[in-house]
Every structure is written in C-alpha cells, then in structure tokens.
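1. Below are the sequence and a predicted model; questions follow.
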2 protein chains.
Amino acid sequence: MTKIIAQLCVSLDGCYAGPRDDEPDWFKSTEAAGFFRITRWVTESMAWRDRQHLAGGEHDVHSEVIAESFARPGAYVMGRRMFEGGEHPWGEEPPFRNPVFVVTHRERERLERQGGTSFTFVTDGLESAVAQAREAANGKDVAIAGGGTIVKQALELGLLDELELHIVPVILGHGQRLLDVNLGVKEGIELVVERTIATPEVTHIRYRVEGRAPLVLDDRGGAYPELAEQG
Amino acid sequence: MTKIIAQLCVSLDGCYAGPRDDEPDWFKSTEAAGFFRITRWVTESMAWRDRQHLAGGEHDVHSEVIAESFARPGAYVMGRRMFEGGEHPWGEEPPFRNPVFVVTHRERERLERQGGTSFTFVTDGLESAVAQAREAANGKDVAIAGGGTIVKQALELGLLDELELHIVPVILGHGQRLLDVNLGVKEGIELVVERTIATPEVTHIRYRVEGRAPLVLDDRGGAYPELAEQG
C-alpha cells in the first residue's frame, strides 16, 4: 500500500538549512553553510555518489540508508524552490528516475528527462500533487522530496504517514526549522519510532506519524494526587 | 575527572516544556502540558518513583538511564525557577542527595535537607556556581539540573562537557526550546555521539560537546568542482 513518506537531514536543533540571507551566490550563503554541514555525510556515501555519476564514496550503513530512500518511491512531490535550485545541476539524467510532481504557482509544460524522471507542474496545491503522485506511484510509496517548507506543510496538513530524520550532531542556533509547525494549544503531533540506526556521525530515526492529539496531564505517577482530582 | 554534564527530556522539535502562559495554576498551564507529555516516561520508571518514595514503576532500560543520572553527580547546579517550583514538592528529603548550587539574584541562607541534599544560593552567576559545584563534587561529575534556561546558558557559555537528550516522539510546535542558542554567522556547536539507546518511547542520545566551530563548505564530493575553486 502506498505510503506518503519524507526524509530530511536536520541539525540537532531541527534545522534543515541555515537562515536565508541576501548573498546572491547561493553556495556562499548562510543557508548553504548550514545545509552543507548537515548533508556532508550524504555526499560521502557511495549510493549518493553513484546516483550523481561520481566515483568513490563509502559503502557503509549511511550508503544503505540512502540506497533504500532511492528504492522506495514510485513518485515524488517537490517544492518549487528545490526544483529551481536543482533543474540545472541535475542535468539530463536527474537522480529521481520516477515521475516528480512540482508544486508551483506557475504553469509549465511537463518535462521528460532520461532515466525515468519527469517533472509535472501542479498549480492547484500540495494535496493535489500528492494525489497525482499517488496515482503515478502505482502502489509504491510517494516521497515528499523537499525542500523543508513543503515537508513541513505536508506534516501540518496531516498528509505524511512516515517521517525519517537524519539527525546530525551539530547545533546551528539559527536556521530554517522543519518541525516549527502550527499546532493548537495543548496539542501535539504524536509519532512512533519505527527504526533507529545509531552511528557516531548521524542518527537515522524513522517515525510513523500518528497525527494530532491533545496533550494530556497525568498525576505524575501518584506524586501529586491532587492532579488526578483536577482531571 | 569531573565533567560538567546535563540531561533533559525534549520533544522531537527540541522543546523541554510548552510555552509559558498566564495560567496561575501551573499544573493547568500550557507549559506543564508540554512538560508532562515529554516526561511521562520518567514518572513511569521505577528509579524515579523509588527516589520520590513512590511504589511501583517499570524496571526497564529507561529506569536504568535514570538511575545512572542519579548516580553520577557529586553536585548539582540549578536555576532559580526550578528550585522555587520544587522547594515545596521535594519536601524534607529531596531527590538530589548532594550539594545543589542555585543560581539566583536573591541572597538566601544555605538550606540543609535530609539525605545529603543542601541548597546553596549563588548570586554571582552561573560560572561561579559551576566552579563551586566542581569543588563540592570531589572528583564526581557536576550536573546542571535545569531548568532548560540554565542548560541553554551553560551550552552557550561553553561550560558543558556532555549533553544527554531524551528525545520523545512528539512534536509540540510551540514551546521553550533548549537548543535555540545564540551563535555567530556560519558557526555551529559541534557534538559527538557517545551513546544511543533506542526504544519506541524515547531515544536517549548522549553527546560529547566539542564546542563552537565554523561551518565549512565542501565541494559536494566533486559534484560541483567550482566550489573547491571558490574555497
């Protein structure tokens, strides 16, 4: 059965990139500096390098995690900004090898690329893009490819079945936060840990998203019995 | 050798409590609602219950983690707000069983409690409290007991050698964030994962704090060679 999944590299303080600034050369921006730090382990992995037609890299557990993340989706949903940043560097054979649905306000003709990747531009919102991707995925999973804004939006809208975080042991302090979602008072999004792969460089945790639920008080295990009476 | 250590329960989005509000009954506050959700696993553990003179609880890996956190420190440093919230409920035999140094602006006479706990009020800042606690710890570790504000301050000042996070699989969206530290542009605090205990309810990750370091660009493994030229 198709699941709507997402995975993202984050710093320990939950940033998927540094803060945006006015630097015209993106590679020199504060956004890139944070992004590069938390995705360094990816570029060192064999599975990623292989998909970018680069030699070398480590064949290790990180590489297996990445290989798996390439294998599962039958379609992708992507934000406009990620697409525009990647369109040129990905070249004629982008690493997705499946249909990609780009959420945008601007209409544009579908692009066909080599190796199975196509880009379809969806102008009626994220939910529509997910529905179209689900259809195209043919029973495989739909991955929200990113960037962080659209993953956050999917989480807020309750569209995600699974979220895998690759938590990198660095604190950025300032940056764009994935989980800074808008919830009600005394409400949380509950998750269940499905898998943890612990390594010194990255902690890969896969969560099943249970959804929004009220935050309930408890009586602190009987330490404060008056709480139980208050309800 | 004495280490300065801290450990805190946080939500997946890094909150150690919900947001503060004006509710006069703390137990009904938004702050408590978040705090209760992320510390529920603690109150269910045998080691915590035992220390609070309560019966029952689970003897499991969480309980061992808590027992360990009680065993390591030879002294504690605590914020004023945590002390004031705990002074009454902890009663005549508080769970610390070691000297506690409370950082505050108000002078107050040292309190002696049963079971080895004392409270010394330090009015000349966190660094002084840590120095006094180090002296009192007699070669054992010094734990920054909390609340979150003072742990964050210790991290910002570079005082922490070790930080253990108990990451609970819930997203609060709003709340008080432990790692929202004030760093320079393109600077991070680097950590090294020392131990991970993965369970469905909590992920316990112990980090060694390496300290502030510049965020360096890389050439994306050769994918964008112009980056290497830019330096």
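-> Looks like it came in fine.
2. just checking, what packs against the helix of greatest length in chain A?
-> Longest helix in chain A, counting residues (DSSP state H): helix A:30-43. Here helix A:30-43 touches strand A:4-11, strand A:15-17, helix A:61-71, strand A:162-168, going by 3 or more CB pairs under 8 Å, 6 or more residues apart in numbering or on different chains; DSSP states H and E. Any C-beta I mention is one placed from the backbone N, CA and C, and that applies to glycine too.
3. contact partners of it?
-> A:9-11, A:15-21, A:23, A:26, A:48-49, A:62, A:66, A:166, A:168, A:170, A:172, A:174-176, A:201-202, B:185-186, B:188, B:215-218, B:220-221, B:223 (CB atoms under 8 Å, 6 or more residues apart in numbering or on different chains).
4. can you give me the strands in chain A?
-> Using DSSP state E, the strands assigned to chain A run over residues A:4-11, A:15-17, A:73-79, A:99-103, A:111-112, A:118-122, A:141-146, A:162-168, A:170-171, A:176-177, A:187-198, A:203-214.
5. Just say which of the helices and strands packed on helix A:30-43 is most tucked in.
-> Mean neighbour count (mean count of other CB atoms under 10 Å in any protein chain shown) peaks for strand A:15-17 among the helices and strands packed on helix A:30-43, with a mean of 28.
6. Summarise which helices and strands that strand is packed against.
-> Of the remaining helices and strands, those touching strand A:15-17 by 3+ CB pairs under 8 Å, 6+ apart are strand A:4-11, helix A:30-43, helix A:148-156, strand A:176-177.
7. mind putting those in CSV, mean pLDDT and distance to B:Glu58 included?
-> What follows is these, written out as CSV (pLDDT from 0 to 100; distance: least, CB to CB, whole Å):
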stretch, mean pLDDT, distance to B:Glu58
strand A:4-11, 97, 30
helix A:30-43, 92, 35
helix A:148-156, 96, 31
strand A:176-177, 96, 33
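8. Point out the most buried one among the strands of chain A.
-> Most buried among these, counting by mean count of other CB under 10 Å: strand A:15-17, with a mean of 28.
9. Report whether stretch A:184-203 contacts chain B.
-> Yes: for stretch A:184-203, a contact with chain B is found by CB under 8 Å from any CB of the partner chain, at A:185-193, A:196, A:198-201, A:203.
10. List the contacts of A:Glu190.
-> By CB under 8 Å, 6+ apart, the contact list for A:Glu190 reads A:Glu210, A:Gly211, A:Arg212, A:Ala213, B:Pro169, B:Val170.
11. Apart from its chain neighbours, what residue comes closest to the first one?
-> For A:Glu210, the nearest residue in space outside its immediate sequence neighbours is A:Glu190; the separation is 4.2 Å by CB to CB, 6 or more residues apart in numbering or on different chains.
12. can you count the residues close to A:Gln132?
-> Look at A:Gln132: counted by other CB atoms under 10 Å in any protein chain shown, it has 18 neighbours.
13. The nearest residue to it once chain neighbours are set aside pairs with what?
-> Counting by CB to CB, 6+ apart, A:Gln132 lies nearest to A:Phe101, which is 5.3 Å off, once chain neighbours are set aside. Note on A:Phe101: beta-bridge partners A:Val77, A:Thr120, judged by DSSP bridges.
14. wait, what's in contact with A:Phe101?
-> Applying CB under 8 Å, 6+ apart to A:Phe101 gives the contacts A:Ala75, A:Tyr76, A:Val77, A:Met78, A:Thr120, A:Val122, A:Ala129, A:Val130, A:Gln132, A:Ala133, A:Ala136.
15. rerun that using 10 Å as the cut-off
-> A:75-78, A:110, A:118-122, A:126, A:128-136, A:142, A:145 (CB atoms under 10 Å, 6 or more residues apart in numbering or on different chains).
16. Repeat that for A:Gly211.
-> Contacts of A:Gly211 by CB under 10 Å, 6+ apart are A:Leu155, A:Gly158, A:Leu160, A:Asp161, A:Gly188, A:Ile189, A:Glu190, A:Leu191.
17. and the second one, how far is that from B:His174?
-> As defined by CB to CB, to the nearest Å, A:Gly158 lies at a distance of 18 Å from B:His174.
18. per-residue pLDDT, A:Leu227?
-> Note for A:Leu227: predicted pLDDT of 58.
19. Next: A:Phe27.
-> 85.
20. For it, give its distance to chain B.
-> Going from A:Phe27 to chain B by CB to the nearest CB, to the nearest Å gives 6 Å.
21. if I look at that residue, how far off is B:Thr149?
-> A:Phe27 sits 37 Å away from B:Thr149, going by CB to CB.
22. what's the answer for A:Leu12, then?
-> Counting by CB to CB, the gap from A:Leu12 to B:Thr149 is 18 Å.
23. Settle it for me: which of these two has more neighbours?
-> A:Leu12 (26 against 16).
24. List the contacts of the residue lying closest to that one once chain neighbours are set aside.
-> Leaving aside its sequence neighbours, A:Leu12 sits nearest to A:Ile171 (CB to CB, 6+ apart; 5.3 Å). Applying CB under 10 Å, 6+ apart to A:Ile171 gives the contacts A:11-15, B:14, B:155-156, B:163, B:178-181, B:183, B:187-191, B:207, B:209, B:212.
25. Give me the below-cutoff pLDDT ranges for chain A.
-> Applying pLDDT under 70 to chain A flags residues A:221-231.
26. repeat that with 50
-> The model of chain A has pLDDT under 50 over residues A:230-231.
27. Identify the residues contacting A:Gly85.
-> Applying CB under 10 Å, 6+ apart, the residues near A:Gly85 are A:Trp26, A:Gly79, A:Gly146, A:Gly147.
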